[in-house]
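Asker: Whatever this is, show me its structure:
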Amino acid sequence: MASNELQAVIELLRAQPDVDADFPTRRANMEAATAAWPVPEGVAIEPIVVDGVPCEWVTAACAAADRAILYVHGGAYTTGSLATHRRHVAQLSAAARTPVLNVDYRLAPEHPHPAAVEDAVTAHRWLTSRGGLAPDRVVLCGDSAGGGLAVATLLALREAGDRMPAGAALISPWTDLTFSGGSHDTRLALDPMCSRMSLTPSADAYAGGADPAAPLISPAHADLSGLPPLLIHVGDHETLLDDSTMLAERARAAGVEVELEVAPEMIHVWHVFAGMVPESDVALGAMGRWIDLRLTPR
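Answerer: Modelled structure (predicted):
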C-alpha cells in the first residue's frame, strides 16, 4: 500500500489548478509549485551557455568530475525550466555521484519540434567535445516529456553518426504523442497528474502541424536499433504507463538492453518527491546506482 506521505502528495496534486489553463499560466503554476523546494546543502550551481543553449551545472559534493548526466526536464514540452527541476537534479547528482548538466531547451508553442531535439543534441555534442568527456562517460536522463526527448536525442545522434552515450535513464517517459496506449483509459481514475485531455494541447503545440507519430516526436514508434542500454521507471498508476511498456517492448525487439521497472501504485515522476516520500527515495536511489554503474570503468 502506498505510504501516507505519497497519499498526501496525491491529494495535493488533485487540488492543483484547472488543466484548461493557457501555457503561460501553466508555466507560472509549475514555477510557483516548485519554488519552495530548496536545493540540498553542499550542491554547487553554475550557470553556463553551451553553443547558445542555456544550461547549468548542478554538482553534489560527492560527484566525480570525470563524467556527467545530461538532463532534459519534463513539462509536456511546453512548461518547465532549470528552476523547476533544480532540486530534483541536485538529488540525482548525489544519488549517482555524478555532475548534472541541466538543459533549458526551447519550449513549444513558441518553438515547436524539432527545437527541443536540436538543443539537446547541441548540449550533448558540446559535452563530448569542449566539455572534455568521451560519450561513454555520459548518461542521458529525463522525466516525462524529457524522457521522450532523451530517446529522441539518442535517435538523432544515431542518425547523424555520433557515438552513443553510456545509456539513458528515463522517468515516466512520454514517448507516444498519438495517445495510442490503453493506459490513458485504464489508469485515468488513478492518475492525479496526466490525462489525454490535459496533454493534448501540449502535444499539438509541440508537433506544430507535423505528424505526431514521427520518430523524433513519438520515439515509441521509431526504429530503436543501435541505442545504448535503457533504464525505464514508470508507475503502475500512470496514464503514460503504456508509453513505457511499448518503448521497452520495441527496444528489446530491436536488440537494445532494457531494464523496465513498473512500480506498484506509483504516480507520474514520483522521484521528484524524494526527501518527502519514502517510495521516491527508493526509486531515486535505484536510478542513481544504475547511472553510477554505467559510468564506472570496467
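
Asker: for the stretch 151-298 of the chain, which spans come out with low pLDDT?
Answerer: 298 (pLDDT under 70).

Asker: Would you map the helices across it?
Answerer: 183-186, 196-207, 241-253, 278-294 (DSSP state H, counting those that start in this stretch).

Asker: wait, which of the ones you listed is closest to residue 214?
Answerer: helix 196-207 (7.9 Å; Cβ to Cβ). (C-beta placed from N, C-alpha, C; glycine too.)

Asker: Go through the closest one and flag the buried ones.
Answerer: For helix 196-207, a neighbour-count test (16 or more other Cβ atoms under 10 Å) marks 198-199, 201-207 as buried.

Asker: How about the secondary structure of residue 56?
Answerer: strand (DSSP: H, G, I helix; E, B strand; the rest coil).

Asker: thinking it is in contact with residue 43, fair?
Answerer: No - counting by Cβ atoms under 8 Å, residue 56 stays clear of residue 43, with 11.1 Å between them.

Asker: Which strand or helix spans residue 38?
Answerer: Assessed by DSSP states H and E, residue 38 sits outside every helix and strand.

Asker: For it, give me its contacts.
Answerer: If you count contacts by Cβ atoms under 8 Å, 6 or more residues apart in numbering, residue 38 has them with residue 87.

Asker: how near is it to residue 99?
Answerer: 20 Å (Cβ to Cβ, to the nearest Å).

Asker: same question, residue 55
Answerer: Distance from residue 55 to residue 99, counting by Cβ to Cβ: 12 Å.

Asker: Which one's more surrounded, the two?
Answerer: Set residue 55 next to residue 99 and count neighbours by other Cβ atoms under 10 Å: residue 55 wins out with 25 against 22.

Asker: low-confidence ranges in the stretch 1-150 of the chain?
Answerer: 17-19.

Asker: mind running it again at 90?
Answerer: 1, 15-21, 33, 36-37 (pLDDT under 90).

Asker: Enumerate the helices of it by residue range, in sequence order.
Answerer: So, for the stretch 1-150 of the chain - with DSSP H, counting those that start in this stretch - the helices run 4-14, 23-34, 82-96, 115-127, 145-160.

Asker: Turn those helices into JSON lines, columns for mean neighbour count.
Answerer: Shown next, in JSON lines, are those (neighbours: other Cβ atoms under 10 Å):
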{"stretch": "helix 4-14", "mean neighbour count": "14"}
{"stretch": "helix 23-34", "mean neighbour count": "16"}
{"stretch": "helix 82-96", "mean neighbour count": "24"}
{"stretch": "helix 115-127", "mean neighbour count": "21"}
{"stretch": "helix 145-160", "mean neighbour count": "25"}
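
Asker: Nice, that's everything, thank you.
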